[in-house]
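1. okay, sequence plus prediction incoming.
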Amino acid sequence: MTHLPATAYELVLSLRPLLGAEAAAEAPGCGAEPGDLEQAVWLRLLERLHTDGPPADPPDWLRRAVRAEARRLGRTARREIASSGEPGEPVEPVDGGRHDPERLALAADRRRGLLDAVRRLPGRCPRLMTALLSPRDATYREIAGELGISQGSLGPERSRCLGCLRRLLTPEVAAR
């Protein structure tokens, strides 16, 4: 059982080294500065303390918050626009056409096809693949807990389910 610090100040002090390490590890992958990532997580913690009180497992909450903020900052960085700095010149989007309506419609169609195939998988595979495809970015430990299976069997189960999915999708991909 995790010992909860008595005050918010003690909680912040106890989490500072972990947050520094987690932010330093996640920042390069999302294109952010570690300090910016730390500030975003501290703000999220303060909001949580104000609304819900301290998390039951502060280190686990902090790791999740860092990953979530890194994903958010990464999405924000990808949406930012590039500017030449010259006044009066048009500003071009950085996405290189990724928001083209036709491309978005095709991507949505592929995602629907994938999710339909996942629902047709046998046994526990639909639940496992849905958890793995979730934008929630759950850890193997969390997924194993949700499915009621051991964390060690998750990898082999995933491989088996991916094989089934591959066999299921092969005729559909060939038909296109």
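-> Happy to help now that I have it.

2. contacts only, for residue 71.
-> Counting by C-beta atoms under 8 Å, 6 or more residues apart in numbering, residue 71 touches 30, 137. All C-beta spots, glycine's among them, are computed from the backbone N, C-alpha and C.

3. assign a three-state SS to it, would you?
-> Following DSSP: H, G, I helix; E, B strand; the rest coil, we place residue 71 in the helix state.

4. report the central residue of this protein.
-> residue 137 (3.9 Å; C-alpha atoms, centre = their mean).

5. ok, that residue to residue 58 distance?
-> 19 Å (C-beta to C-beta, to the nearest Å).

6. what's the following helix or strand after the helix or strand where residue 142 lies?
-> If you go by DSSP states H and E, residue 142 is part of helix 140-147. Using DSSP H and E, the next helix or strand after helix 140-147 towards the C-terminus is helix 154-175.

7. which of the residues in that next one are buried?
-> Using 16 or more other C-beta atoms under 10 Å as the burial criterion, the residues of helix 154-175 that qualify are 154, 157-158, 160-161, 164-165, 168.

8. contacts for the helix or strand harbouring residue 111 next, please.
-> Applying DSSP H and E as the criterion places residue 111 in helix 101-119. The contact list for helix 101-119 (C-beta under 8 Å, 6+ apart) reads 97, 125-126, 129-130, 133, 165, 168-169, 172.

9. tell me how many other residues crowd residue 139.
-> 13 (other C-beta atoms under 10 Å).

10. mind checking how far it is from residue 132?
-> 11 Å.

11. swap in residue 38?
-> Taking C-beta to C-beta, one finds residue 38 at 29 Å from residue 132.

12. higher neighbour count, those two?
-> residue 38 (20 against 15).

13. surely that one and residue 18 touch.
-> No - with contact defined as C-beta atoms under 8 Å, residue 38 does not count as touching residue 18 (10.8 Å).

14. kindly report the domain assignment for the chain.
-> 8-81, 100-170 (automatic domain parsing).

15. how far does the last one sit from its chain's centre?
-> Computed by C-alpha atoms, centre = their mean, to the nearest Å, the separation of domain 100-170 from the middle of its chain amounts to 15 Å.

16. how about the first one?
-> Remark: domain 8-81 is offset 13 Å from the chain centroid, using C-alpha atoms, centre = their mean.
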